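1. Have a look; sequence and predicted model below, questions after that.
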4 protein chains.
Amino acid sequence: MEEFSAGSGLSALAERDSTITKERLLLSGLTHSAPAAPMQLSRQTSITPGLRYKNLGKSGLRVSNIGLATWSTFSSGVTEEQAEQIIVLAVDSGINVFDLSEAYSGPRAEIELGRILTRRAWKRSSYIVTTKIYWSTRSDERGLSRKHIIESVKSSLTRLQLSYIDVVIVHKSDPMCPMEEIVRAMHYCISQGWAMYWGTARWSPVEVMEAYTNCRQFNCVTPIVEQTEYHMFCREKTELYMPELYNKIGVGLMAWSPVSIGMPQGKEDATAQLFARASFRNKYSSFSWTEDETVNKESYSWMKDRIQPEESRRQTERIRELNALAERLGCTLSQLIIAWCLKNESVQCLLLGATTVDQLYESIQSLQLVPKLNTNMMTEIERILENKPTRPPMISTLALR
Amino acid sequence: MEEFSAGSGLSALAERDSTITKERLLLSGLTHSAPAAPMQLSRQTSITPGLRYKNLGKSGLRVSNIGLATWSTFSSGVTEEQAEQIIVLAVDSGINVFDLSEAYSGPRAEIELGRILTRRAWKRSSYIVTTKIYWSTRSDERGLSRKHIIESVKSSLTRLQLSYIDVVIVHKSDPMCPMEEIVRAMHYCISQGWAMYWGTARWSPVEVMEAYTNCRQFNCVTPIVEQTEYHMFCREKTELYMPELYNKIGVGLMAWSPVSIGMPQGKEDATAQLFARASFRNKYSSFSWTEDETVNKESYSWMKDRIQPEESRRQTERIRELNALAERLGCTLSQLIIAWCLKNESVQCLLLGATTVDQLYESIQSLQLVPKLNTNMMTEIERILENKPTRPPMISTLALR
Amino acid sequence: MEEFSAGSGLSALAERDSTITKERLLLSGLTHSAPAAPMQLSRQTSITPGLRYKNLGKSGLRVSNIGLATWSTFSSGVTEEQAEQIIVLAVDSGINVFDLSEAYSGPRAEIELGRILTRRAWKRSSYIVTTKIYWSTRSDERGLSRKHIIESVKSSLTRLQLSYIDVVIVHKSDPMCPMEEIVRAMHYCISQGWAMYWGTARWSPVEVMEAYTNCRQFNCVTPIVEQTEYHMFCREKTELYMPELYNKIGVGLMAWSPVSIGMPQGKEDATAQLFARASFRNKYSSFSWTEDETVNKESYSWMKDRIQPEESRRQTERIRELNALAERLGCTLSQLIIAWCLKNESVQCLLLGATTVDQLYESIQSLQLVPKLNTNMMTEIERILENKPTRPPMISTLALR
Amino acid sequence: MEEFSAGSGLSALAERDSTITKERLLLSGLTHSAPAAPMQLSRQTSITPGLRYKNLGKSGLRVSNIGLATWSTFSSGVTEEQAEQIIVLAVDSGINVFDLSEAYSGPRAEIELGRILTRRAWKRSSYIVTTKIYWSTRSDERGLSRKHIIESVKSSLTRLQLSYIDVVIVHKSDPMCPMEEIVRAMHYCISQGWAMYWGTARWSPVEVMEAYTNCRQFNCVTPIVEQTEYHMFCREKTELYMPELYNKIGVGLMAWSPVSIGMPQGKEDATAQLFARASFRNKYSSFSWTEDETVNKESYSWMKDRIQPEESRRQTERIRELNALAERLGCTLSQLIIAWCLKNESVQCLLLGATTVDQLYESIQSLQLVPKLNTNMMTEIERILENKPTRPPMISTLALR
């Protein structure tokens, strides 16, 4: 085990390989094929094969193409010691991005990550912390405001014991708060030295453009990233609109999916729900569903019940085909799903999450699967998915006369 | 009493209901009708019915539609303990705005409010403090200036023991100080983190527009609110001009009236004076009269003497009619006057003040009166008031030839 | 003496009136008339009659129309105790401006003034400190630069024990340093909170305009004042060009003259030199001579020798006439000279200096002389001076064809 | 020796003159002439003859026309005591620029210089420290970014124990990092007070123009200097393009060459390599080679092997002629090369380096050689070098039709 745990006291991991198959992704109920053995590729002492560093958006910040979503890592059921092992595996693998989210884990994630970073004393310049500003339509601190943004950033810094956050991400735009106020507040945080960059999550492309326009108008620093859900069944925003934002205004993409971040309910549920929800979303489509709409057993059932029998049957069929494909590639379905996301060049950083070291290790291995996804393979996957997004045709106003 | 005083040690209030009628608004001298019993509606453990949160101006800051004007609360005759009980009642009722003014209470208000906030240790993000920059034409620190603004804000912060004020309000514009200097100084305070927003009080609409224009020219943060007097007999600015400012440049409205803030001379006087002054102002109209023109018994008499007998008679008649209306609605005249202000959608925050917990409680209950002010009722009030403001007709210069 | 020294422990001043005539301005050698008795007008406990507050330039900063030039006060020969008495007299008289200059007194002035201000603990908002950034063509820290400006301001703050300077004045422009660098550095000092305003000294009107233009281009705070020499024999810049700067770009005027600031060589010399130099300058005219061209006995003799006999004779005649006029007005020639400057509405603040309390007191009394300078009197002075400046006629380029 | 070492405890230098010839520049192998005796001109207690102060670029910062490149001084083999003696000689000679570079000496140079400056307690305003932001294409902290720039500047300040760096120089532009991000980060460092100015090193003229354009667009402080290699065999950028940048956008020039900075491998190698590389670069020309391409024996041999025999023969001939010229002037070849650079008025500061006091002393003496480089001499040198750069002719696109 020393290859990657050198100096990180991960002796508890010694027997991982023998136990890892126990926690395999089981698609029982939705899939008829037996779970494939996860791809066990060679371990590296240094950087994982396939791990690369990309500029996030058109900024100078270079992020690893996979980042660690700590959402599930710091959820209940994982001890701080286990969480630290997961963080260390990420660092040893060459991952330099830690993404935080209040949705599942609340302030605890920031506090624990702060303690781990302090304990490990890694050079501050060697890692990147991204965290989010949340707001709710329900609580009494409603909506975005300069006050809310500044209070949130200062609180995060205190909890993280850091002097700055690398990327502060505004989660959801607030239609009631003027964009000028938001971009000025983000610029303020940057000019105070509390943040290096800022980005958005769950914003529509038009909202991102509006933010950019306001930054230009008021000479503020522009956002560099939009964080969005992306996977085989949630493709439209990422594939149709994000490349345009990148090319025109330099806003990059951090992507995540229920499978990639390892939903805390257990991976089985995550994958199952992914597909169930995907079917459901065909009807009630929105740009993304997100972590604050926490999906519990009940809502999952609720969704399943609402999916048309015919659609449900076809979805089950698709999963069977994808499972077969994964088996041919010698990997699990989860690994295939992750590799398929990594294959998309627009995705500068795909967030992976895990509640165990093994789970993260297995997910990271997906990197080595990417080269196998050649044109033929991708074509086959498109054939199975039948959901390649297209932009609505431009109707000439002349034609309408 | 626990419903609203939970955790706030307001046991002294236990017998309030039995005593509250003693402090009833008496319009003796100006009104012939007996005072109506104040509306005693159901108390809520949480937020008062009718209390809502609105964005202040077109900012992201969400204020309760009633705020606490601490002007009279921290005046002499109220102990700090009593003041604290008033503050606690406000918070328990869902009010999140505390407005400070030097005019009556001077630095004492800031010092006492600061102590109460420190003692209570409410989350800083849960309440909003607005305070004012005053200047005088008499004292040796004449006029607005960068120096005066910065010194004032720093002093307020020290007295309040806060790291920032939510909205710093510039009270009166200074025709001798260039607008550029004012907006740059306010922007400076915001960029230093001493204030989140800024606003104005007693500025004419043209002055507010000039401030906005200067902000745009020099890339400074624009003001979000104008604080102004508004009640049944002071309508022009609020009804004719403020909506335009809101729509065009996002400047909202905090309103107050002698009745709503509970003038320290006692409520009877306040209401009486309100009407006397209203009559007087018909002749010597200005945009607003303000707290630094403190009205004492003498000046009140002076005004009363100058009111034409005919006008005085009609004003007395109007008050009798309004009293009758209040009786029909089961509330006091004060409550009717407050509810009538709250009915105006342009008023994002109406400031209430009180020297006793009962007085504040009674005022807050006006919220529940608002739904009763339906179209018929409003029409009747207009008929009684006979003062609906209208803009002077635009005269075509062609017509003048 | 208590009228003006209340609470300031100026008991040493008790016998001033009896001794003051000993230090009378003697124009021996240049004037044939006996020195007139200085005007001894009524003393006030509060503000001196004639003392008014004006906005400095078009800023909001209100300065007394006379300010204290501490240049000579902190020169050698005056003890810190005596200096403090002078400062106290100034404050008691209503003066709120203290002007510092390195030229004579160097860092000592700032250190001593800082100690006095600390000891007296006057409210920071009640007085205004102006100090200068000097540079030399001789020393190894040549010219203006961002580095030099910032180092200078920080050093002054340390010496003065203040958190900010009210107006930082850049003494001489540096043709080798780009104006952009200067205005950005001044803006930086203001945005750091080290200064409230900035101004210039010894800049030509075109240089001031260039600074203003650069401020507008780079969104920096514009200068509010030019400090310049002004007296009966140095009129051109102040009378012809400064009003235009004030009207167009809001740059005001602080004036001083060798007589008004009480040159350390003794008042007699100062006045004598003023006239000698004035004659000399008719030939070698420049916009102003300044404190760093310290005039000692030798250079004074040198100048005197170079003045044409005819010119010298006429100058002597003028002084005799002015002395006669002063006698008619019941004041000294110095007081007449100071009052004549104060009469000019363009002068928002005339700097007075003194090495003794009596000298300052006598100078301040000039304020009461201003109303006596009516149109007739001013016409007579113009007749004596024969130097009313006029702009060169505009030659139409058409006429040159 | 006291003339220049007064108060600096340089007693160890007492016997320098007798030993200095031992460390003479030997061009054995490339030159056939015996080394000339170095010019030993009169020593001055104060500023070295020929040493002048120039504004760096069109800024107000006045730098000595020679600066101390501490690159070799703080390399291994030189004790901190020896380094301090070199620094002291520089200061005593009137040099006010210390240039730092991580390339050879890494953080050690900053730490040692910081200790020396602290120990000596020279006035901060009397010297100028320039340091660089490096980035690598190899290490994991790849490229420029706001994060990298800010972390680098803060680290340098800590190591140097200074509150600010005079000029922060960005070494190499990063084509992957948007120019807006770089200029905003540099502006941020300046507005935080961490730097007074910024500049570039190894940027192409077009990149410098792009930086300038971005500064203008976003109202950021413009760079004032480009640091570049310049010597007899590397002339194009400095002679053809830098004057245009100076005239148009005020970017000045700090120059260095392997000879002037005293390459740590020993001066002989430096000069030899200079010529070898110069020959090589004729074919593989780029704008400059730099310190991070450290030239060791192997790469030198590699280069020598690739030089065409004919070219090598002519280069040897040129060196022989230059050596003869140096002999006629009574100086070494190194001194001639340095003086030739100093002769160029575009070079506002030529960086000299040394591993010994004698070496620096000898180099500084080159200043006295500059007046001897009259027109005839310069023409002769041009005849020898045969490499006067010319801009490619502008081809009219009309002519191409």
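-> Good, I have the coordinates.
2. can you pull the contacts of the residue nearest to the spatial centre of chain A?
-> Geometric centre of chain A, nearest residue: residue A:256, 2.2 Å, by C-alpha atoms, centre = their mean. Going by C-beta atoms under 8 Å, 6 or more residues apart in numbering or on different chains, residue A:256 touches A:69, A:99, A:227-230, A:350-351, A:353. Heads up, the C-betas are built off the backbone N, CA and C, glycines and all.
3. same thing but 7 Å
-> Counting by C-beta atoms under 7 Å, 6 or more residues apart in numbering or on different chains, residue A:256 touches A:69, A:229, A:351.
4. Relative to residue A:71, how far out is the last one?
-> It refers to residue A:351. 8 Å (C-beta to C-beta, to the nearest Å).
5. quick one: common contacting residues for the two?
-> Applying C-beta under 7 Å, 6+ apart, one finds that residue A:351 and residue A:71 are jointly contacted by residue A:261.
6. which stretches of chain A have low pLDDT?
-> Applying pLDDT under 70 to chain A picks out residues A:1-46, A:102-105, A:137-141, A:263-307, A:397-401.
7. how far away is the residue in it positioned nearest to chain D from residue D:217?
-> Closest approach between chain A and chain D, counting by C-beta to the nearest C-beta: residue A:60, at 3.1 Å. Distance, residue A:60 to residue D:217, using C-beta to C-beta: 18 Å.
8. next one: residue A:47
-> 38 Å.
9. same deal with residue A:328?
-> 53 Å.
10. Same check on residue A:332?
-> 50 Å.
11. Check the offset of the helix of greatest length in chain A from the chain's centre.
-> Under DSSP state H, the helix in chain A containing the largest number of residues is helix A:309-329. The chain centre lies 23 Å from the centre of helix A:309-329; the measure is C-alpha atoms, centre = their mean, to the nearest Å.
12. Stretch A:62-80 too?
-> Per C-alpha atoms, centre = their mean, the centroid offset for stretch A:62-80 relative to its chain is 10 Å.
13. Quick check: end-to-end length of that stretch?
-> End-to-end distance of stretch A:62-80: 28 Å, with C-alpha to C-alpha, to the nearest Å as the criterion.
14. That one near chain D anywhere?
-> Yes - Stretch A:62-80 is in contact with chain D by C-beta under 7 Å from any C-beta of the partner chain, via residue A:62.
15. For that stretch, buried residues please.
-> Going by neighbour count (16 or more other C-beta atoms under 10 Å in any protein chain shown), the buried part of stretch A:62-80 is A:62-75, A:78.
16. And the residues you listed, which is closest to residue D:314?
-> Closest approach between the buried residues of stretch A:62-80 and residue D:314, by C-beta to C-beta: residue A:62, at 45.8 Å.
17. Identify the residues contacting the residue lying closest to the closest one once chain neighbours are set aside.
-> Once flanking residues are discounted, residue A:62 sits nearest to residue A:53: 4.4 Å by C-beta to C-beta, 6 or more residues apart in numbering or on different chains. By C-beta under 7 Å, 6+ apart, residue A:53 lies in contact with A:62-64, D:142.
18. that older thread, moving C-terminal of the longest helix of chain A, what's the next helix or strand?
-> On the C-terminal side of helix A:309-329, the nearest following helix or strand under DSSP states H and E is helix A:333-343.
19. contacts for that next one?
-> Counting by C-beta under 7 Å, 6+ apart, A:25, A:27, A:38-39, A:65, A:230-232, A:255, A:257, A:259-260, A:267, A:271, A:322-323, A:325-326, A:329, A:347, A:350, A:362-363, A:365-367, A:369-370, A:373, A:381 sit against helix A:333-343.
20. Strands of the stretch 201-350 of chain A, residue ranges please.
-> A:225-229, A:252-256, A:349-352 (DSSP state E, counting those that start in this stretch).
21. for the very next helix or strand once past the shortest one, packing partners?
-> Where DSSP H and E defines the elements, the next helix or strand beyond strand A:349-352 is helix A:357-364. Applying 3 or more C-beta pairs under 7 Å, 6 or more residues apart in numbering or on different chains; DSSP states H and E, one finds that helix A:357-364 makes contact with helix A:80-92, strand A:349-352.
22. again, only this time at 10 Å
-> With contacts defined as 3 or more C-beta pairs under 10 Å, 6 or more residues apart in numbering or on different chains; DSSP states H and E, helix A:357-364 has these neighbours: helix A:2-5, helix A:16-19, strand A:66-69, helix A:80-92, helix A:258-261, helix A:267-281, helix A:333-343, strand A:349-352.
23. and the following helix or strand past that helix, how far from the chain's centre?
-> Using DSSP H and E, the helix or strand that follows helix A:357-364 in sequence is helix A:375-385. Chain-centre distance of helix A:375-385: 23 Å, with C-alpha atoms, centre = their mean.
24. Now residue A:128: closest residue in space, sequence neighbours ignored.
-> The shortest distance from residue A:128 to any non-neighbouring residue, by C-beta to C-beta, 6+ apart, is to residue A:166 (4.3 Å).
25. does the one you found sit in a helix or strand, and which one?
-> strand A:165-171.
26. One more: residue A:49?
-> Counting by DSSP H and E, residue A:49 is found in no helix or strand.
27. From residue A:86, how far out is it?
-> Distance of residue A:49 to residue A:86, computed by C-beta to C-beta: 20 Å.
28. which of the two has more neighbours?
-> Taking neighbours as other C-beta atoms under 10 Å in any protein chain shown, residue A:49 and residue A:86 compare with residue A:86 leading, 25 against 15.
29. contacting residues for the more buried one?
-> For residue A:86, the contacting residues are A:10, A:68, A:70, A:72-74, A:78, A:116, A:353-361, by C-beta atoms under 10 Å, 6 or more residues apart in numbering or on different chains.
30. Show me which of the buried residues of stretch A:62-80 is closest to chain C.
-> Relative to chain C, and with distances defined as C-beta to the nearest C-beta, the nearest of those is residue A:62, at 31.8 Å.
31. ok, the closest one touching residue D:136?
-> No - contact status for residue A:62 versus residue D:136: not in contact, 11.8 Å apart, counting by C-beta atoms under 10 Å.
32. what sits in contact with each of these two?
-> D:142-143.
33. can you tell if the following helix or strand past the strand holding residue A:166 touches chain C?
-> The helix or strand immediately downstream of strand A:165-171 is helix A:179-191, counting by DSSP H and E. No - using C-beta under 10 Å from any C-beta of the partner chain, helix A:179-191 stays clear of chain C, with a minimum separation of 10.9 Å.
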